[in-house]
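Undergrad: fold the following, please.
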Amino acid sequence: MSVFTKNAGRILDSQETQTMTGAYRERKLEVGLADDDYVRSEYFGINQVQYLLDQPGCIGLRIHHAKRWEDADGNLTEPGKGQLKPRVLLTGVDAQGKDMPIYADKAGMKDMPDGGGGRAVGDGFTCPQHCPK
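TA: Residues are numbered from 1 along each chain as shown. Down below sits the predicted model:
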């Protein structure tokens, strides 16, 4: 039986989620980081997520852990400039468990390679910078 189904994962209760996020926070504080020094979450709008889910054959999402060079305001910089920050990338996944490339709605869009190959949704708004206080 394949693990790649529309029902993969489970709904967690609030106590379990608080335990998990609390353990993450405690570990960051143990190594000397302040609450505003590390990324706690990343927000993506429903339209971006729905775009992935609406791809023909998409049965779920994969969240890739990644890192990129950013300045203090979270803007992309050149490699080696600023800080290497953790980020996430979202891709659609098909029934075989393969990441799906995001295809352009219209062929020939500027800066879009033929077929759209291997694109992902990224650049979400990070917390604590963009979280309610």
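Undergrad: next, the buried residues of the host helix or strand of Tyr51.
TA: Under the criterion DSSP states H and E, the helix or strand holding Tyr51 is helix 46-53. For helix 46-53, the buried set under the neighbour-count rule, 16 or more other Cβ atoms under 10 Å, comprises Tyr51, Leu52. Any C-beta I mention is one placed from the backbone N, CA and C, and that applies to glycine too.
Undergrad: outside of it, which residues touch it?
TA: With contact meaning Cβ atoms under 8 Å, 6 or more residues apart in numbering, helix 46-53 is reached by Cys58, Leu61, Leu90, Thr91, Gly92, Met100, Ile102, Val121.
Undergrad: of those residues, closest to Asp73?
TA: Val121 (20.9 Å; Cβ to Cβ).
Undergrad: can you name the residues that contact that closest one?
TA: Val121 sits next to Phe44, Gln48, Val49, Tyr51, Leu52, Leu89, Leu90, Thr91, Ile102 when contact means Cβ under 8 Å, 6+ apart.
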